[in-house]
Every structure is written in C-alpha cells, then in structure tokens.
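A.B. asks: need a structure here:
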Amino acid sequence: MDIQELTPIQSFGRRIRAYDKATRLAKEGRPVTEISKETGTPDATIRGWLVNGRKPWTRYELFKPTYSDQLTYVIGVYMGDGSISRWRNRFLLRLDVKDKEFADKFSSTCAHVLGRKPYSVRHVRDRDTYETIISNASFCKFLNRGLTHLDRYVREHPSGFVRGLADSDECPTVTTTKKRGKPWFFVQVVVATSKSIRLLSYTRTILRECLGLKATLVYKGKPRPSVFKNKLLRSRKRVFDLRISRFGDVKRFSRVVGFELARKQEKLAAAIFVREGFGSGQDAVKEWTRRWEHGTTEWILKKGVD
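C.D. replies: Numbering: from 1, shown residues only. Have a look, this model is predicted:
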C-alpha cells in the first residue's frame, strides 16, 4: 500500500494501532521499510518508535480524572463562564473574565488538577478582561462530554461544582427596600444565571439531593441588546436565575459551599451577620448601609469604614 503520512488531525487511536502493529512486525524480524509500507507510517516515525524508543503518546497530555473538589470546581467554572475551542488538533479551554482574582484561581486550580505549574493570566486591554488558556486535548474532551458523563464526579464533590458556578457570574444579593411601607432587608444567593434550563435544573437537583439546599428558578428576562459591527442584536432566548432565598439555606450555603472569591464571601458573611444581629427591618437596613453602598451593579464596601 502507499505510504500515508500521519497528519496532526489524524486520531490518536490510529497512531496507537500503527505502533502496536509495528512492534509486532519488528519482533518477527521485518525491516523498517517493510513495516513502514505495512502500517502506512513514514520510515522516520517507525525508526523513532523502534530505534529511539519514542512512544506515540508522548506528544499527548493524557488526562486521567480523579475525584476531587478541585476537578468539580473546574467543571463548574467551565459550565458557567468557560469555553472550549478547537483549531486543527489543538483544544483550548479558555476563561475570559473581568475579575483577575477569579482568573488566577481558575489557572491555579487547573494546574493542580493537571499536575502542572499555574498557567499564565494575561490582561486583554481592548476588552479590559483577564484571560487564561489551558491547552490539553484530553482534558478538554473530558469536560466537553456533558453533564451526563460528569455527573458521577460532581456528586462525589458537589460543593466544588456549585462553588465554581457561583464564582463564575453571581454573588450574594442584598435587597434594601420597603415592604408594606416599612424598610426591609433581604439576603439571597444567586447561584447561577443562564439561558440553559437544563444546567440550572441539574444544579438545583445537586443542591437538593447532595447538599440539602432548596433553590428556585426565577425568570430574569431577556439579555440586553448588544452591538456587533454597528448593528444592534437582540436575543430571543430567555435568561433565568437559580436562587437560594430561605435564610437558613443561605447560612448553610455559606458553610458548606461558599464563594472561593474573597470579596464575594466577605459580602455574604457581612450580610448574614447583619440579618442575624439586626433582623430584617429598619435596624438591619441602617446597619448595612452604614458600611456598604450600591455601586453600578452591586453593593460595594465603603472606604474608610470599620
């Protein structure tokens, strides 16, 4: 048969089969040129395998998953804010976010899971975001198999999965408003916001069955219009929140899950402290607004306040 050079996009399985056949033929005393024709593999590759001792899998980083909180955290982040892209035979796991602490945490956690040094985090100036990229084909393929395949890992360490989702996009939600004409202080945790009902329903099941927490789906509306190439784009998809509203469950979430990001966990702890110490009325609203002020999108800690 004609020799067909193995290109980068050909499957790993084909290289393994060719290697196994080459080693078997070599034991029979067949020369390199004959083995090359028999396997459809270039002479140089055969010599590398048989003479230099190279293995066909050394060019791949094979990922062997183990059950851990760090792995399920990565799964949660990927489901929340991450993405996987492919260029030729390269698979890239990418996180592009506004929060540098979050990007650093994801980088170090992926490095821990893969047994590598922390991946670099770069600042993307034109978007004012922080990006980290993990290039590992087998790891990306593992994550890309979907919730059905990943479920057994998530259920072993559910807190990591939920924490990854919560770190991705959401935070404690504190409401200071009036109810029946009186001041009202209310604390919630928005675990995730997504267009995917399947992801939110699955997470709600994990919260209930594995962590004993009740969460509800709340219709949030449609995404805001975005501008692309001077055109205003409007999405027809609906967006939902997965919220924990019962205060007892909010406290339990803080204990058994929490946020990995310090600023989010600090805000949640402060809100729980105010709710427990000052109730849900005027005194709580007064105490909360003494230390916190409402920024552009969320409550932020006032400067110079104890």
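A.B. asks: measure I300 to C171 for me?
C.D. replies: Distance from I300 to C171, counting by CB to CB, to the nearest Å: 11 Å. Quick note: C-beta positions are derived from backbone N, CA and C, even for glycine.
A.B. asks: quick one: which of the two has more around it?
C.D. replies: Comparing I300 with C171 by other CB atoms under 10 Å, the one with more neighbours is C171, at 19 against 13.
A.B. asks: Look at Y219 and say how many residues are nearby.
C.D. replies: As a burial measure, Y219 scores 9 neighbours (other CB under 10 Å).
A.B. asks: That one in helix, strand or coil?
C.D. replies: Classification of Y219 using DSSP: H, G, I helix; E, B strand; the rest coil returns strand.
A.B. asks: Identify the residues contacting E260.
C.D. replies: Going by CB atoms under 8 Å, 6 or more residues apart in numbering, E260 touches Y73, K105, R163, G164, D167.
A.B. asks: How confident is the prediction for it, by pLDDT?
C.D. replies: The model reports E260 with a pLDDT of 91.
A.B. asks: Please, which helix or strand holds T175?
C.D. replies: For T175, the host element (DSSP states H and E) is strand 172-179.
A.B. asks: got the buried residues for that strand?
C.D. replies: Across strand 172-179, burial judged by 16 or more other CB atoms under 10 Å covers P172, T173, V174, T176.
A.B. asks: Excluding chain neighbours, give the residue nearest to the last one in space.
C.D. replies: If you skip the residues right next to it in sequence, T176 has V285 as its closest partner in space, 4.8 Å away by CB to CB, 6 or more residues apart in numbering.
A.B. asks: dump the residue contacts of that neighbour.
C.D. replies: By CB under 8 Å, 6+ apart, the contact set of V285 is T176, P183, W184, F185.
A.B. asks: at 7 Å what do you get?
C.D. replies: Going by CB atoms under 7 Å, 6 or more residues apart in numbering, V285 touches T176, P183, F185.
A.B. asks: again, but for V113
C.D. replies: Residues counted as contacts of V113 (CB under 7 Å, 6+ apart) are Q70, L71, V74.
A.B. asks: Present these as a markdown table; the columns should include pLDDT and distance to A18.
C.D. replies: Formatted as a markdown table, these follow (pLDDT from 0 to 100; distance: CB to CB, whole Å):
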| residue | pLDDT | distance to A18 |
| --- | --- | --- |
| Q70 | 97 | 36 |
| L71 | 97 | 32 |
| V74 | 97 | 33 |
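A.B. asks: Which of these ranks first by neighbour count?
C.D. replies: L71 (27 neighbours).
A.B. asks: just checking, that residue touches F63?
C.D. replies: No - the pair L71 and F63 fails to qualify as a contact (CB atoms under 7 Å) at a distance of 10.0 Å.
A.B. asks: Give me the mean pLDDT for the strand holding T175.
C.D. replies: Computed over strand 172-179, the mean pLDDT rounds to 77.
A.B. asks: Likewise for stretch 91-107?
C.D. replies: Stretch 91-107 comes out at a mean pLDDT of 93.
A.B. asks: Give me the contacts around that stretch.
C.D. replies: 77-78, 81-85, 118-119, 121, 124, 129-135, 137, 139-141, 143, 167, 260-262.
A.B. asks: Ramachandran angles for E293?
C.D. replies: For E293, the backbone dihedrals (degrees, to the nearest 10) come out as phi -130, psi 150.
A.B. asks: That one contacts G304, doesn't it?
C.D. replies: No - under the criterion of CB under 7 Å, E293 is not in contact with G304, lying 11.8 Å apart.
A.B. asks: Who has more neighbours out of these two?
C.D. replies: Using other CB under 10 Å as the criterion, E293 and G304 rank with E293 on top: 13 against 5.
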